[in-house]
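1. pasted the sequence and its predicted model underneath.
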Amino acid sequence: MVLSHCAMNGLYDALYFDLDSEIVHDRFRIFVGTPSSMAVDTLYPTIFALDGNVSFPSLLGTQRLLTQGAEVPPSFVVGIGYPGDTLAQAMANRNRDYIPSAPGEAESRALGQVSQVGGPAFLRFIEEELKPLLAQEFPVDLEDSTLQGTSLGGLFASWVLLTNPQAFRKYILCSPAIWWRDEEVWEWEESYHAGNSDLPATVFIGAGELETEQHLRADAAAIAEKNPAMAALIKNVIHWNDENGWPEVAKLTPRFAERLAARNYPGLTIHCHNMPDENHMSASPALSSRGLRYVNASWVP
């Protein structure tokens, strides 16, 4: 299969193409940033970014600056997104693809109606359709791959790490929604540990230090006031969380790293770093930058 590539105006050495998935039964838009100068007969590390419609330009720019500074190697950056005339249309299916289990009451209030649990099919799409196609079209080293996800994308990446860690070598988990289903993440962790003596991966996890109840509620109230289109949904979420507890991701991320580190897996390298003065919406760029440096061993805590 020869893909029809579309160059991206204003982003050098970057293109996109649409890919129809027989597994998910939907169309994805795949963004690809290539190393600026590729050597012959060389395979390059590959960074997969979820929420590609919003994360790809930022992550590509960060990766290229860090490459110029010799902190990360020249790499392909692959953003997995969706076609659409607006950002809202393009991201409509993320809630389907990134969830590994059925949403409960809290999740449904936060996300709205979810059509199906699409996480397992989405992972199959990446492994069985996207990766082979990339290997056919580009000199990618899929044995040296990184998965980066934020919020619900971070939940998906955490689930992959704890159920199919061999899918990627490195993981960057930015403000992951591991509050999902009353912290179901600990069940995945226990199940993995019960059946495995090693977890061969390099993992960076973090959140904004402001992702705690006090700041989350204030931020939500401010958004509801300033964004009338979302006001009803957010007020509903505030009411629910006031009664049932707020998802304090800044407290869950160090617990996640400590729990996995305590298992003493010989192949696991993991670190948590929460970013000062950042909230859920602002933390991702800083976490992605620090994460790329950590998983490539150019920043040592």
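-> All right, it came through fine.
2. contacts and neighbour counts: CA atoms only from here.
-> Noted.
3. the chain: helices as residue ranges?
-> With DSSP state H as the criterion, the chain has helices at 52-68, 87-90, 94-97, 105-111, 119-124, 131-137, 152-163, 180-183, 185-195, 213-226, 228-244, 249-262, 283-295.
4. residues contacting residue 234?
-> By C-alpha atoms under 8 Å, 6 or more residues apart in numbering, the contact list for residue 234 reads 110, 220, 221, 223, 224.
5. now, of the residues you listed, which are buried?
-> Among the contacts of residue 234, the ones that count as buried by 16 or more other C-alpha atoms under 10 Å are 110, 220, 221, 223, 224.
6. follow-up on the earlier one: rank the contacts of residue 234 by pLDDT and give me only the lowest.
-> Lowest pLDDT among the contacts of residue 234: residue 110, with 75.
7. looking at this protein, which helix or strand does the model trust least?
-> Using mean pLDDT, DSSP states H and E, helix 105-111 stands out as the lowest-scoring helix or strand of the chain, at a mean of 79.
8. please identify the buried residues of that one?
-> Quick answer for helix 105-111 (16+ other C-alpha under 10 Å): 106, 107, 109, 110.
9. against residue 38, how distant is the residue lying closest to residue 123 once chain neighbours are set aside?
-> Take residue 123 and drop its neighbours on the chain: the residue closest to it by C-alpha to C-alpha, 6 or more residues apart in numbering is residue 160, 8.0 Å away. Distance, residue 160 to residue 38, by C-alpha to C-alpha, to the nearest Å: 30 Å.
10. residue 279 too?
-> The value you get for residue 279 to residue 38, if C-alpha to C-alpha is used, is 37 Å.
11. between the two, which one's more packed in?
-> residue 279 (20 against 13; other C-alpha atoms under 10 Å).
12. what sits against the more buried one?
-> 207, 208, 209, 210, 211, 216.
13. just want the most central residue of this protein.
-> In the chain, the residue lying closest to the centroid (C-alpha atoms, centre = their mean) is residue 149, at 0.7 Å.
14. please name the bridge partners of it.
-> Per DSSP bridges, the residues bridged to residue 149 are residue 173.
15. is it true that residue 220 touches residue 238?
-> Yes: using C-alpha atoms under 8 Å, residue 220 is in contact with residue 238, at 7.2 Å.
16. okay, and for the stretch 201-301 of the chain, where does confidence drop off?
-> Across the stretch 201-301 of the chain, nothing is flagged by pLDDT under 70.
17. sorry, wrong one. I was asking about the stretch 51-200 of the chain.
-> Using pLDDT under 70, the stretch 51-200 of the chain drops low at 115.
18. let me know the closest of the buried ones among the contacts of residue 234 to residue 120.
-> residue 110 (21.2 Å; C-alpha to C-alpha).
19. doesn't residue 237 make contact with that closest one?
-> Yes: in this structure residue 110 lies within contact range of residue 237 using C-alpha under 8 Å: 6.0 Å.
20. next, count neighbours for residue 209.
-> There are 21 residues near residue 209, going by other C-alpha under 10 Å.
21. how much space between it and residue 281?
-> 12 Å.
22. nearest spatial neighbour of residue 287, chain-adjacent residues omitted?
-> That would be residue 174: by C-alpha to C-alpha, 6+ apart, it lies 6.1 Å from residue 287.
23. residue contacts, that neighbour?
-> So residue 174 contacts 148, 149, 150, 151, 154, 205, 206, 207, 283, 284, 287, 288 (C-alpha under 8 Å, 6+ apart).
24. ok, now with 7 Å
-> Counting by C-alpha atoms under 7 Å, 6 or more residues apart in numbering, residue 174 makes contact with 149, 150, 151, 154, 205, 206, 207, 284, 287.
25. and the last one, how far is that from residue 278?
-> When C-alpha to C-alpha is applied, the distance between residue 287 and residue 278 equals 10 Å.
26. and the fourth one, by the same measure?
-> Separation of residue 154 from residue 278 (C-alpha to C-alpha): 17 Å.
27. who has more neighbours out of these two?
-> residue 154 (24 against 17).
28. I figured residue 27 hits residue 80, correct?
-> No: checked against C-alpha atoms under 7 Å, the pair residue 27 and residue 80 is beyond contact range at 10.7 Å.
29. returning to that earlier point: of the contacts of residue 279, buried ones?
-> Of the contacts of residue 279, these count as buried by 16+ other C-alpha under 10 Å: 207, 208, 209, 210, 211, 216.
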